[in-house]
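Chemist: Just need the structure, nothing else, for what follows:
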Amino acid sequence: MKKSSVLRKLLMERKALVVPGAHDVVSAKLIEKHGFKALQVSGFGLSATYLGLPDMGFISFSEVLNFTKNIVDAVSIPVMADADTGYGNAINAMRVTEEFIKIGAAGMNIEDQVFPKRCGHLEGKQIIPIEEMVLKIKACAKVRDELDPDFVINARTDAIAVAGIEEAIRRGNAYAEAGADIIFVEAPRSLEEIEKAAKEIQAPISINLFDFAGGGKTPFVSLKKLRELGVARVSVPVGPLFAAIKGMELYLKSITDEESHIEQRRELLISFSEFKDLVRFEEFRKLEKEYLPKFIE
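Modeler: Sure thing, here's the model as predicted:
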């Protein structure tokens, strides 16, 4: 079964599929290793790890496409791409959709912010007119229908921060009618807003949770409750990145003390053998033995 078909089936069950964000290939491989059924590429994470910059439109589409292809090639589970705002108008968004389908992505997020956008939990957001976004989704849906009908278009609206929950619901229903498969309601401010969106949007919805260590706009809601509400997807876009940064900080602090020794803090590291397994070292050693004329034991 195609990865897009697998992802679509999982989302249509509306059982709060947890989709962590990958910021590089190693994080993607770890997400798969720990049993998650799908992952998403985090544009926030890519901008931070590859450029050291905030999620404010600094990373280009060609960079995101290349990084996403590496991730798609490295894992067997479905990968959702980050289409940002479509990198331009509806015609630009059509090419973005086509390129993501070509590299084997199973779906993509596309949002209604003004370009350059910013992370959904940051201040200063602006949204484009609903009519413009509807046409952008119709354009992307045309490409999807021609190339891979199961490719998932996840239309994100940032309207809550700008115009409130009612506008987010209005936009969600318009985007679903235009051809979006699921609606990403970004940064709801309460359980009541999540419940209202799940009830009134006539399509499966996605919610962003579990990140920012208390600095996000959305309160914590249990997976059990989200399943009861029929939420289709729970996005965890930067949790793995924040955990990785915290882990590196703990390790680096542990070796700055001249009286300390890393032997005392082995719990901060995976073993070398675990790392070699993660990057498939032994597989390539076998290939060397088979195909190189002077194999070195």
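
Chemist: Just confirm residue 126 contacts residue 111, I think it does.
Modeler: No: judged on Cβ atoms under 8 Å, residue 126 makes no contact with residue 111 at a distance of 11.5 Å. Any C-beta I mention is one placed from the backbone N, CA and C, and that applies to glycine too.

Chemist: C-terminal to the helix of greatest length in the chain, what's the next element?
Modeler: Using DSSP state H, we find that the single longest helix of the chain is helix 130-147. Once the chain leaves helix 130-147, the next helix or strand it forms, by DSSP states H and E, is strand 152-157.

Chemist: Any stretches of this structure with poor pLDDT?
Modeler: Applying pLDDT under 70 to the chain flags the ranges 118-124, 210-216, 257-264, 295-297.

Chemist: ok, 80 please
Modeler: The chain contains residues with pLDDT under 80 at 116-125, 210-217, 257-266, 294-297.

Chemist: Strands along that one, start to end?
Modeler: Counting by DSSP state E, the chain has strands at residues 17-22, 39-41, 79-82, 107-111, 152-157, 182-185, 205-208, 233-236.

Chemist: Serialize those strands to a markdown table and add fields for distance to residue 279.
Modeler: Shown next, in a markdown table, are the strands of the chain (distance: least, Cβ to Cβ, whole Å):
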| stretch | distance to residue 279 |
| --- | --- |
| strand 17-22 | 15 |
| strand 39-41 | 18 |
| strand 79-82 | 18 |
| strand 107-111 | 27 |
| strand 152-157 | 29 |
| strand 182-185 | 32 |
| strand 205-208 | 30 |
| strand 233-236 | 24 |
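
Chemist: out of these, nearest to residue 10?
Modeler: Across these, residue 10 has its closest neighbour in strand 17-22 (5.0 Å, Cβ to Cβ).

Chemist: what angle do that closest one and strand 152-157 make?
Modeler: 80 degrees (axes from the mean of the first three to the mean of the last three Cα atoms, to 10 degrees).
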